[in-house]
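Novice: pasting a predicted model and its sequence here:
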Amino acid sequence: TQHAGEANTQNLLSKTKCKALMRPLDRAGKKRRPHRKTHGKIGFKNLAQMVGQRWRSLPKDKLEYYQKLAKQDMKRHKQAMEEYYKKKEVGEKMAESPLTAQNPAF
């Protein structure tokens with residue numbers, strides 16, 4: 001059997017839940033932050049268009065130079081990631097090994 005206090009608490013909780021579900025989704029009552037004025041120099045869309053136009057008008061020799069740099073950097077990044085994952089894998093195996101738990105210098 002329930003005590004009168006328990007029944008009132010459950011009743012109150014169920015009413016609170018219903019009110020919360022009926023309330024419109026307004027980010028849980030948080031106020032919106034005020035709109036910040038932009039600097040007015042250039043918008044993102046215009047910036048993207050300008051960058052695209054400059055890439056399209058780039059001379060072939062410069063385009064090839066930048067593509068070569070990008071390939072070299074991608075190769076360097078892949079090697080760095082392979083080393084990272086190898087070190088991570090070794091570290092995880094060391095942590096799982098029962099010998100290292102008993103003797104950290106092992």
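Specialist: Ah, there it is.

Novice: which helix in the protein runs the most residues?
Specialist: Under DSSP state H, the helix in the chain containing the largest number of residues is helix 60-96.

Novice: what mean pLDDT does it get?
Specialist: Averaging pLDDT along helix 60-96 gives 93.

Novice: check which helices and strands it is in contact with.
Specialist: Applying 3 or more CB pairs under 8 Å, 6 or more residues apart in numbering; DSSP states H and E, we find helix 60-96 packed against no helix or strand. C-beta coordinates here come from the backbone N, C-alpha and C atoms, glycine included.

Novice: show the average pLDDT along the helix or strand encompassing Leu47.
Specialist: Under the criterion DSSP states H and E, the helix or strand holding Leu47 is helix 44-56. For helix 44-56, mean pLDDT rounds to 94.

Novice: mind listing what's buried along it?
Specialist: For helix 44-56, a neighbour-count test (16 or more other CB atoms under 10 Å) marks nothing as buried.

Novice: tell me the angle of it relative to helix 60-96?
Specialist: Computed with axes from the mean of the first three to the mean of the last three CA atoms, to 10 degrees, the direction of helix 44-56 lies at 110 degrees from that of helix 60-96.

Novice: any chance you could list what contacts helix 44-56?
Specialist: Ile42, Leu63 (CB atoms under 8 Å, 6 or more residues apart in numbering).

Novice: confidence score at Lys31?
Specialist: In this model, Lys31 is scored at 75, pLDDT.

Novice: and what of the one 5 residues further on?
Specialist: The predicted local confidence for Arg36 comes out at a pLDDT of 73.

Novice: how about it, secondary structure?
Specialist: Secondary structure, DSSP: H, G, I helix; E, B strand; the rest coil: Arg36 is coil.

Novice: now for it: which residues touch it?
Specialist: Applying CB under 8 Å, 6+ apart, no residues contact Arg36.

Novice: for it, give me phi and psi.
Specialist: phi -90, psi 140 (degrees, to the nearest 10).

Novice: burial check on Leu58, number of neighbours?
Specialist: 13 (other CB atoms under 10 Å).
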